[in-house]
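A.B. asks: here is the input, now give the coordinates:
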Amino acid sequence: MPGLLRGVARTAVVAGTATAVSNRVSRRQQGRWAAQAEEQQPPQPPPPPPAPAAPAAPPSTADEMTNKIDQLKQLGDLKSQGILSDAEFEEQKRRLLA
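C.D. replies: Predicted coordinates:
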């Protein structure tokens with residue numbers, strides 16, 4: 001039995017050593033490949049600056065009228081719901097149409 005244990009232990013040591021060496025070689029080779037890949041790739045140029053934002057176009061008179069009409073409708077709804085009094089409604093309408 002001692003001879004069998006000695007043989008099993010020797011096999012385990014040899015297998016463990018082979019695994020450790022194999023892993024070390026693999027890590028070293030991966031490091032070399034990574035270094036070669038970095039050398040082969042040209043440096044990336046910096047990204048171009050963002051384009052300036054286009055100035056907003058002034059709203060057309062038709063758009064302005066549509067917006068005012070929508071706002072007047074909202075004011076009318078608020079008045080009909082009792083949220084705005086007659087005086088408040090007239091004040092807001094005057095500001096909107098001014």
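
A.B. asks: check the offset of the helix or strand hosting Val14 from the chain's centre.
C.D. replies: For Val14, the element it lies in under DSSP states H and E is helix 2-40. Mean-position distance between helix 2-40 and its chain equals 41 Å (CA atoms, centre = their mean, to the nearest Å).

A.B. asks: helix or strand right after that helix?
C.D. replies: Beyond helix 2-40 toward the C-terminal end (DSSP H and E), the next one is helix 61-80.

A.B. asks: rounded mean pLDDT for that following helix, please.
C.D. replies: Taken as a whole, helix 61-80 carries a mean pLDDT of 86.

A.B. asks: pull out the buried positions in that helix.
C.D. replies: Applying a neighbour-count criterion of 16 or more other CB atoms under 10 Å, one finds 75, 79 buried in helix 61-80. (Each C-beta comes from the backbone N, C-alpha and C, glycine too.)

A.B. asks: packing partners for the helix or strand of the chain with the lowest mean pLDDT?
C.D. replies: Within the chain, confidence by mean pLDDT, DSSP states H and E is lowest for helix 2-40 among all helices and strands, at a mean of 82. For helix 2-40, there is no helix or strand it packs on, judged by 3 or more CB pairs under 8 Å, 6 or more residues apart in numbering; DSSP states H and E.

A.B. asks: what domains does the record give for this protein?
C.D. replies: What automatic domain parsing lists as the domains of the chain is 1-41, 61-97.

A.B. asks: most tightly packed of those domains?
C.D. replies: Comparing the domains of the chain by mean neighbour count (mean count of other CB atoms under 10 Å), domain 61-97 comes out on top with a mean of 12.

A.B. asks: thanks a lot, see you next time.
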